Each structure stands twice: as C-alpha cells, then as structure tokens.
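Predicted model, plus sequence, below.
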Amino acid sequence: MKQKLFYTILIASFAFSAIAHYSGMSSTLQFALCCIAVIFAAGFMGKATESVAHYAGQRLGGFLNATFGNAAELIIAIFLVKDGLHDMVKASITGSIIGNMLLVLGLSVLIGGLKFKVQNFNVKLAGYNASMMLLAVVALFIPALFAKSFTTKETNTLSLIVAVILVIAYALWLLFSMVTHKDELRDEAGDEEEHEIAWSKGKSILYLLLATVMVAFISEWLVGTLEEFTHKFGLTELFVGAFLIAIIGNAAEHSAAVFLAMKNKIGAAVEIAIGSSLQIALFVAPVLVIISFFMGQTMDIVFTTYELAAIAVSAVIAKSISQDGSTNWYEGVLLLVVYIILGIAFFLV
C-alpha cells in the first residue's frame, strides 16, 4: 500500500512539474513543484541503486548511481558550454565536487551514524580515494598557477592536455578498481543487513535508467527557474553555480547515499559521494574541456582562487575523516560545518 502511494505521488509530481514547465507557469510555482518531484525521483533512484548494488555489489552499485547522477549534470553543462557560459560551468563543477565530499558524505555519515554507532568500509579503498582526491586538487591547481604566465592560447593548450591526461588516469582507475584489484577493494560491510530485493536484475537496471531520465528532466526544469529566483534575491553567479545548481543537480545522489547509509551500507554511500566527486573532477570537467574544443571555443580548466580553495579544503577534511575506513555521526557534523562555512563565504563574495 505504501509503495503504491509512493509511485502515485512520484508519477503525479513529475507530471505536474512537466505541465508547469511547458505551460509557462510562474517560476515560483515551477520551482516548488520541481522540488517536490525531485525528492520522490531521488527516492526512486535510491531504491533502484540499492537493488542494483544487491546484484552487482556495493562498489559497482554506488559507481552506477554516481555515473547516472552525473550524466544529467554533464548534459546540462554541455548546453552551458555551447552558450559560452564557462564561468557558470566551472562554478557548478566546484559546487558538485565540494557538495558531494561535504554535503552528501556529511549527511550520510551523520544520519547513518545516528542509527549505527560506528560504520565501517574498505580501508584500502579509502586510501586510494584519498590519493585520487589529491590528484584532482593538483590537476586543477597547476593550470591556475601557470595561467598568469601564459597567453590565452597556451592556457587553452595546457587545459586540453591536462584534460586528456585526467580522462586516461580515470579510465585506468576504473580498470584498477573494477577489474584487476576488484577483490581487494570489495566492501563487505553491511552485508548482514541484506534482505530480499523485490526487483529482478534486469528490472533494477531498467528502473535505475528510468529514475535517471526523470531526474535529468526535473533538474533541467528546476535549473531553468533559477535565473528569476537569483535576480529576485540578489544572489551571485558564483553562489548559484557552486551551491544552488550543484545541490539541485545532485539531489538524487544525496538521497540515495543517505538511504544506503541508514541501512548500514556506508561503503556504497561513500562510493556515491567520493566517487562522484572524483568522477566530476577527473572525467566530467575534462570531457567538457574536450567538447568545448570541438565546439570551437575551448573552455580552460583554470579555476578561481575561491573555487580552488574550496576544493582543496573539502579534499583535506574528507580525506582526514574517511582514511581510516570507519565513520561516526560526529564526523558527519564536521563535514557539514565546513560546507556551511564555505556556503556563507560564497554567498558573501
């Protein structure tokens, strides 16, 4: 009965948000309806992710969730790049990275920690994640460091070369973690909490794809209402890109990670949060640079000092908390405190 009610509200909220968008209703009403719709679509994605993880393992399930969640963001970013809105794109990339490492991981660790005193996941995987985060920070820092000494052409060339290298590095990481060393990085924590899954493997994958499509549409509609919202409240492009768009665009991943943490599957939650940040920094951002090159207006990979500082701070605190392979609710509080401080700073810039 509860499931039928959930699916009824899911379909109805998606339909109403679509009607509001395509009929040209007020932005405020569109924003409200899309917020409701994205909450239920996120819940649907969380359930689908859990079901896929049951068949494929927590790591692969978390990776698929992060990938599908970032696919929507990549599509939106491509249109922004096409329109030449490079600063907004880089701000949203920054927001996605810090949002996943601080907000998503923080909420997952906090809420999961309130139910389970200590939650454990693969400590070796935590170490590799920390190293990959460090690589992401270095890769984004180097172009910004040398940009002032280069011409625009040289900066674009460096950005393109770095982008190609990062894509190759990320592909090799997937080969390492999913193929050659998958047993070493397998996460068995939370297996004792397994219960019967209602969906078959095929249906689970189909529903995850369907949930991703729904979230992609709702996210795009929601982002479309932000311009009037930002003008109304006098918000800056940096704050909107780094926080509002990032939070909205990753709403599904936020919910899925929290739902999994509440079921003592912190390994999958960490894979969604940290894995998504790494995917944004090492794959999505470089791919956008490469795509922009073929569009004829190369987007450099030079981030502002504010953005680099936020990414570096997020990586340091996330590494510190996750490197021992165990979490508790207070560590979640620490992550959220850093996110709130950064949010206030970006709002006041």
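Received it, and whenever you're ready, just let me know what you need.

Only the C-alpha atoms, please, for the helix or strand containing Ala126, written as PDB.
Taking DSSP states H and E as the criterion, Ala126 maps to helix 123-146. Output for helix 123-146, consisting of C-alpha atoms alone and laid out as PDB, is shown next (Å, rounded to 0.1, in the frame of the first residue of the first chain):
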ATOM      1  CA  VAL A 123      40.100   0.900   4.400                       C
ATOM      2  CA  LYS A 124      42.200   0.300   1.300                       C
ATOM      3  CA  LEU A 125      39.600   1.800  -0.900                       C
ATOM      4  CA  ALA A 126      39.500   4.800   1.400                       C
ATOM      5  CA  GLY A 127      43.300   5.200   0.900                       C
ATOM      6  CA  TYR A 128      43.000   5.100  -2.800                       C
ATOM      7  CA  ASN A 129      40.100   7.600  -2.800                       C
ATOM      8  CA  ALA A 130      42.300   9.900  -0.700                       C
ATOM      9  CA  SER A 131      45.100   9.700  -3.300                       C
ATOM     10  CA  MET A 132      42.700  10.300  -6.200                       C
ATOM     11  CA  MET A 133      41.300  13.400  -4.500                       C
ATOM     12  CA  LEU A 134      44.800  14.700  -4.100                       C
ATOM     13  CA  LEU A 135      45.400  14.100  -7.800                       C
ATOM     14  CA  ALA A 136      42.300  16.100  -8.600                       C
ATOM     15  CA  VAL A 137      43.400  19.000  -6.500                       C
ATOM     16  CA  VAL A 138      46.900  19.000  -8.100                       C
ATOM     17  CA  ALA A 139      45.400  18.700 -11.600                       C
ATOM     18  CA  LEU A 140      43.100  21.700 -11.100                       C
ATOM     19  CA  PHE A 141      45.800  23.800  -9.200                       C
ATOM     20  CA  ILE A 142      48.600  23.600 -11.800                       C
ATOM     21  CA  PRO A 143      46.800  25.300 -14.700                       C
ATOM     22  CA  ALA A 144      45.600  28.100 -12.400                       C
ATOM     23  CA  LEU A 145      49.200  28.500 -11.100                       C
ATOM     24  CA  PHE A 146      50.700  29.000 -14.500                       C
END
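
for the nearest residue to Ala281 once chain neighbours are set aside, what are its contacts?
Spatially, and ignoring its direct neighbours in sequence, Ala281 is nearest to Ala136 (3.7 Å; C-beta to C-beta, 6 or more residues apart in numbering). Where C-beta positions appear, they are placed from N, C-alpha and C, glycine not excepted. Applying C-beta atoms under 8 Å, 6 or more residues apart in numbering to Ala136 gives the contacts 97, 277-278, 281-282, 311, 315.
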